[in-house]
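J.: make a model of this:
(chains A and B)
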Amino acid sequence: GENVEQHPSTLSVQEGDSAVIKCTYSDSASNYFPWYKQELGKRPQLIIDIRSNVGEKKDQRIAVTLNKTAKHFSLHITETQPEDSAVYFCAASKRANQFYFGTGTSLTVIP
Amino acid sequence: KAGVTQTPRYLIKTRGQQVTLSCSPISGHRSVSWYQQTPGQGLQFLFEYFSETQRNKGNFPGRFSGRQFSNSRSEMNVSTLELGDSALYLCASSSEVGETQYFGPGTRLLVL
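T.: Model prediction:
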């Protein structure tokens, strides 16, 4: 089955700096890659996603890049703010509604 | 639309007991997936139901089972509870053709 690895497991950045989280996947048939943000005690919420026919997608301060050849995708957060502090999960899917998640990155933005 | 809801929010059980968790998807969503979330393991896929049929299944023992009703509400059952079953159980719903999953708040299960 699919295996998704996520790095780093923890990340601390100064407010205003950028944060990058990387994920690799094993199944070349995976074609949909969402990212979720989970604040302490809350449910995971989708923040951005990308499909395999697109190399990059941006939404304000958040962007995701996908390298199908290398089988890795990354989340980029620019101009980080304290409210960006949370756990971020990447996921991969090759068919609807079966997702494999990474183990999460705990991001702390230091004011 | 109302979001995904889960009941109960918290449960304490003892080893050997069984437990049933409930999930109500967003109105119109026919797919419900279940995940187990534990520290260090992230979210692990349990199974997915669509139109009352289990369509996908993760690598969990047979003690974990589920079902879906005609109104798309889903239940998950864990029999013969073990200490290692202590976790946050999340369900997520999605539409028939969409791939975006919307998560419920989770049920936190503690097995003593």
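
J.: distance from the chain centre to the longest strand along chain A, please.
T.: Scanning chain A for the longest strand, with DSSP state E as the assignment, gives strand A:86-95. Remark: strand A:86-95 is offset 6 Å from the chain centroid, using Cα atoms, centre = their mean, to the nearest Å.

J.: now for the following helix or strand past that strand, which elements pack on it?
T.: Note on strand A:86-95: by DSSP states H and E, the next helix or strand toward the C-terminus is strand A:98-101. Here strand A:98-101 touches strand A:86-95, strand B:31-38, strand B:42-50, going by 3 or more Cβ pairs under 8 Å, 6 or more residues apart in numbering or on different chains; DSSP states H and E. Backbone N, C-alpha and C define where each C-beta goes, glycine included.

J.: how distant is strand A:98-101 from the center of its chain?
T.: 13 Å.

J.: so what strands line up beside that strand?
T.: As defined by DSSP bridges, the strand partners of strand A:98-101 come to strand A:86-95 (antiparallel).

J.: give me the residues contacting the partner strand.
T.: Strand A:86-95 has contacts (Cβ atoms under 8 Å, 6 or more residues apart in numbering or on different chains) with A:2, A:4, A:6, A:21, A:23, A:25, A:27, A:29-40, A:44, A:47, A:73, A:75, A:99-102, A:104-107, B:42-43, B:56, B:99.

J.: tell me which residues of it come out buried.
T.: Neighbour-count burial for strand A:86-95 flags A:Ala86, A:Val87, A:Tyr88, A:Phe89, A:Cys90, A:Ala91, A:Ala92, A:Ser93, A:Lys94 (criterion: 16 or more other Cβ atoms under 10 Å in any protein chain shown).

J.: would you mind measuring from the fourth one to B:Leu90?
T.: In this view, A:Phe89 and B:Leu90 are 11 Å apart by Cβ to Cβ, to the nearest Å.
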